[in-house]
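K.L.:
here is my input; please provide its structure:
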Amino acid sequence: MLGKKTIVHFVGSDAYRLSRERSFWKRLYWRTILHFCDMVLYVSPHLEGMVKRKGFVLPFPIATDQFRRPGLERITPDRDVLYYCPSGPVNESLYRLPWILEYAKSHPDEKITILGTRSHPARYQVDLPNVEVTASVEQTEMPLMYRRHRKLIRMTTEDGLPRMISEALLSGIEVEFNGLRIQEIPKERDPAVFASEFRKLLDNLHS
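P.N.:
Residues are numbered from 1 along each chain as shown. Okay, here's the model as predicted:
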């Protein structure tokens, strides 16, 4: 477009918003962009079916070395479940706050941490003795946060490929995503592999 190569990369919620958009003009706007852009990328294959534009799957990279830091394996978990759910009416629904609260009530012997991020902190007042709410932690402290827990659980109504899943696996803890046990890490999470795969796509685009 406009004499330049154009790439659109869908990461999750953006594809869901597009799929449920009801405004004729907004849908026309996006269909025009998707028609004329040179390439569409998706972090997860299920997003391609929602957008209805053929593309390539390319997950975003993460700082893999940070989560393989020597010494992390010696940390013994002192809590059971780490659960991501930042505050806000939309986030409470999107990240299923009622689900984790019901889980906590039905598993009173498990210690659960609800976590947010710096940009979207968790500010819940939860009156359950086995639930601790942590507004956020610095990204550099996330390897320790993972290792303090036995398991990461992510439950969401819409998502692409959350980086927390791969970060937790690299940190050596169990991961459950929307009811499924996750054990594999996409190779593109490694920054060097991502760069190589992205370069291949760019080379094909210009060939």
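
K.L.:
tell me where the model's unsure across the chain.
P.N.:
1-3 (pLDDT under 70).

K.L.:
which residue is nearest the centroid of it?
P.N.:
Centroid-nearest residue in the chain, with Cα atoms, centre = their mean: residue 162, separated by 1.3 Å.

K.L.:
how much space separates the residue nearest to that one when sequence neighbours are not counted from residue 60?
P.N.:
Nearest residue to residue 162, sequence neighbours excluded (Cβ to Cβ, 6 or more residues apart in numbering): residue 154, at 5.8 Å. (Glycine included, C-beta is placed from N, CA and C.) Between residue 154 and residue 60 the computed distance is 16 Å (Cβ to Cβ, to the nearest Å).

K.L.:
more neighbours: which of these two?
P.N.:
In terms of neighbours (other Cβ atoms under 10 Å), residue 154 is the more surrounded of residue 154 and residue 60; the figures are 20 against 17.

K.L.:
I'd say the more buried one and residue 163 touch.
P.N.:
No. Using Cβ atoms under 8 Å, residue 154 is not in contact with residue 163, being 10.7 Å away.

K.L.:
work out for me the element residue 202 sits within.
P.N.:
According to DSSP states H and E, residue 202 maps onto helix 191-206.

K.L.:
helices or strands next to that helix in the packing?
P.N.:
Identification of packing neighbours for helix 191-206 by 3 or more Cβ pairs under 8 Å, 6 or more residues apart in numbering; DSSP states H and E yields strand 39-42.

K.L.:
parallel or antiparallel, list what pairs with the strand it packs on.
P.N.:
Sheet neighbours of strand 39-42, with direction, are listed as strand 7-10 (parallel), strand 56-57 (parallel) (DSSP bridges).

K.L.:
could I get these as CSV with distance to residue 176?
P.N.:
What follows is these, written out as CSV (distance: least, Cβ to Cβ, whole Å):
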stretch, distance to residue 176
strand 7-10, 24
strand 56-57, 22
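
K.L.:
tell me the domain boundaries of this protein?
P.N.:
Here the domain parsing of the chain from automatic domain parsing is 7-57, 64-182.

K.L.:
okay, these in JSON lines with distance to residue 195 next?
P.N.:
Below are the domains of the chain laid out as JSON lines (distance: least, Cβ to Cβ, whole Å):
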{"stretch": "domain 7-57", "distance to residue 195": "14"}
{"stretch": "domain 64-182", "distance to residue 195": "13"}
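
K.L.:
quick one, which of those domains gets closest to residue 188.
P.N.:
Residue 188 lies closest to domain 7-57 among the domains of the chain, at 8.6 Å (Cβ to Cβ).

K.L.:
what's the span of the closest one, first residue to last?
P.N.:
Start-to-end span of domain 7-57 (Cα to Cα, to the nearest Å) is 13 Å.

K.L.:
and what of stretch 126-140?
P.N.:
Stretch 126-140 has an end-to-end distance of 27 Å (criterion: Cα to Cα).

K.L.:
angles on the backbone of residue 113, please.
P.N.:
Here is the backbone geometry of residue 113 (degrees, to the nearest 10): phi -110, psi 120.

K.L.:
scratch that, residue 153 is what I was asking about
P.N.:
Torsion angles, degrees, to the nearest 10, at residue 153: phi -120, psi 130.
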